[in-house]
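Engineer: fold the following for me, if possible:
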Amino acid sequence: QVQLVESGGGLVQPGESLRLSCAASGRPFSSYSMGWFRQAPGKEREFVGVISRSGASTYYADSVKGRFTISRDNAKNTLYLQMNALKPEDTAVYYCAADSGTAARISVTKVMTYWGKGTLVTVSS
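Structural biologist: Below you'll find the predicted structure:
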């Protein structure tokens with residue numbers, strides 16, 4: 001198993017940037033594809049993106065493509081989500097997730113096994 005803890009959420013104004021982190025512990029971090037999801041108030045959880053075990057491949061939802069970047073540091077057991085040009089509709093609780101499957105498969109199924117508890121991002125003026 002792997003334990004995941006997100007951090008870095010907060011209140012930002014539209015157009016600003018924010019970077020989320022997800023610290024992993026437990027089984028070797030590099031054995032998991034890692035993803036980000038979000039859930040806005042009153043809405044279902046939404047796939048944001050996923051990164052392969054090595055970090056060589058990433059896949060994004062159309063709603064964040066070109067604005068958000070997922071990266072990972074396997075030496076530090078940490079996943080990142082760099083969010084630029086934030087919009088009010090990006091307001092949500094952001095969750096990181098881990099799965100032993102491939103990033104390519106996860107980008108289609110949007111299913112992952114292990115989840116953090118989330119961090120709140122609010123974009124408002």
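Engineer: residue boundaries of the strands in the chain?
Structural biologist: Here the chain has its strands, by DSSP state E, at 2-7, 10-12, 18-26, 33-39, 46-51, 58-60, 68-73, 78-83, 92-99, 114-115, 119-123.
Engineer: now distance to Ile106 and mean neighbour count too, for those, in a markdown table please.
Structural biologist: Every C-beta, even on glycine, is put in place using the N, C-alpha and C of the backbone. As requested, the strands of the chain are arranged in a markdown table below (distance: least, Cβ to Cβ, whole Å; neighbours: other Cβ atoms under 10 Å):
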| stretch | distance to Ile106 | mean neighbour count |
| --- | --- | --- |
| strand 2-7 | 15 | 17 |
| strand 10-12 | 27 | 14 |
| strand 18-26 | 15 | 18 |
| strand 33-39 | 6 | 24 |
| strand 46-51 | 5 | 22 |
| strand 58-60 | 8 | 18 |
| strand 68-73 | 12 | 18 |
| strand 78-83 | 13 | 21 |
| strand 92-99 | 6 | 23 |
| strand 114-115 | 12 | 17 |
| strand 119-123 | 21 | 18 |
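Engineer: residues contacting the residue nearest to Asn77 when sequence neighbours are not counted?
Structural biologist: Leaving out its chain neighbours, the residue that sits closest to Asn77 by Cβ to Cβ, 6 or more residues apart in numbering is Phe29, at 4.1 Å. Contact analysis of Phe29 by Cβ atoms under 8 Å, 6 or more residues apart in numbering lists Val2, Arg72, Asn74, Asn77, Thr78.
Engineer: what's the neighbour count on the fourth one?
Structural biologist: It refers to Asn77. 16 (other Cβ atoms under 10 Å).
Engineer: Ala24 is in contact with that one, correct?
Structural biologist: Yes. The criterion here is Cβ atoms under 8 Å, and Asn77 meets it with Ala24 at 4.7 Å.
Engineer: give me the most central residue, this protein.
Structural biologist: Trp36 (2.2 Å; Cα atoms, centre = their mean).
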